[in-house]
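J.: Provided below are the primary sequence and the corresponding predicted coordinates.
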Amino acid sequence: MNNPFEIIEQRLSNIENLLLDIKHKPTEEDKAENLTVKEAAELLKVSEQSIHNYIKRGFLPAQKVGRILLIKRIDVEQSLQEVKSLKYKRA
């Protein structure tokens, strides 16, 4: 018969792996999070004026709530991927 401690150890390692997966996966709440222009600029490592230019040119969708521009985090992350792909397409 199997050693019960081996079974317990196997289950613990499975639980540990599941917890690590949960820890590293971005949640839907994180993706739906809204960022200000300043936060988006810090995330993209550009100036706030660059963010305003991206919004004005249509590269980065934003919503105006009162006097504040809000940008969805997922849109910022997608723009990062698009910029990287454009960098290598130019000849």
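T.: Structure received.
J.: Could you pull out the strands in the chain for me?
T.: Assigned strands in the chain, in chain order: 34-35, 63-65, 68-72 (criterion: DSSP state E).
J.: Asn2: which of the ones you listed is closest?
T.: strand 68-72 (50.1 Å; Cβ to Cβ). Heads up, the C-betas are built off the backbone N, CA and C, glycines and all.
J.: Which neighbours in the sheet does that closest one have, and how are they oriented?
T.: Sheet pairing here is set by DSSP bridges, and for strand 68-72 it gives strand 34-35 (antiparallel), strand 63-65 (antiparallel).
J.: Kindly reformat the ones you listed as TSV containing distance to Ile7 and mean pLDDT.
T.: Formatted as TSV, the strands paired with strand 68-72 follow (distance: least, Cβ to Cβ, whole Å; pLDDT from 0 to 100):
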stretch	distance to Ile7	mean pLDDT
strand 34-35	46	92
strand 63-65	52	92
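J.: Name the stretch among the ones you listed that sits most buried.
T.: strand 34-35 (a mean of 18; mean count of other Cβ atoms under 10 Å).
J.: Run through who's touching it.
T.: Residues outside strand 34-35 that contact it (Cβ atoms under 8 Å, 6 or more residues apart in numbering) are 43, 63, 70-73, 76.
J.: Can I get the buried ones among the residues you listed as something I can paste into PyMOL?
T.: The PyMOL selection below is limited to those of the contacts of strand 34-35 classed as buried (16 or more other Cβ atoms under 10 Å):
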select buried, resi 43+70+71+72+73+76
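J.: for the contacts of strand 34-35, which one is nearest Phe5?
T.: Arg73 (44.2 Å).
J.: For that closest one, which non-adjacent residue is spatially closest?
T.: Glu33 (4.6 Å; Cβ to Cβ, 6 or more residues apart in numbering).
J.: Kindly report the same for Phe59.
T.: Going by Cβ to Cβ, 6+ apart, Phe59 has Ser79 as its nearest residue, at 6.4 Å.
J.: Based on its surroundings, how many neighbours for that neighbour?
T.: 19 (other Cβ atoms under 10 Å).
J.: contacting residues for it?
T.: Ser79 touches 44, 54, 59-60, counting by Cβ under 8 Å, 6+ apart.
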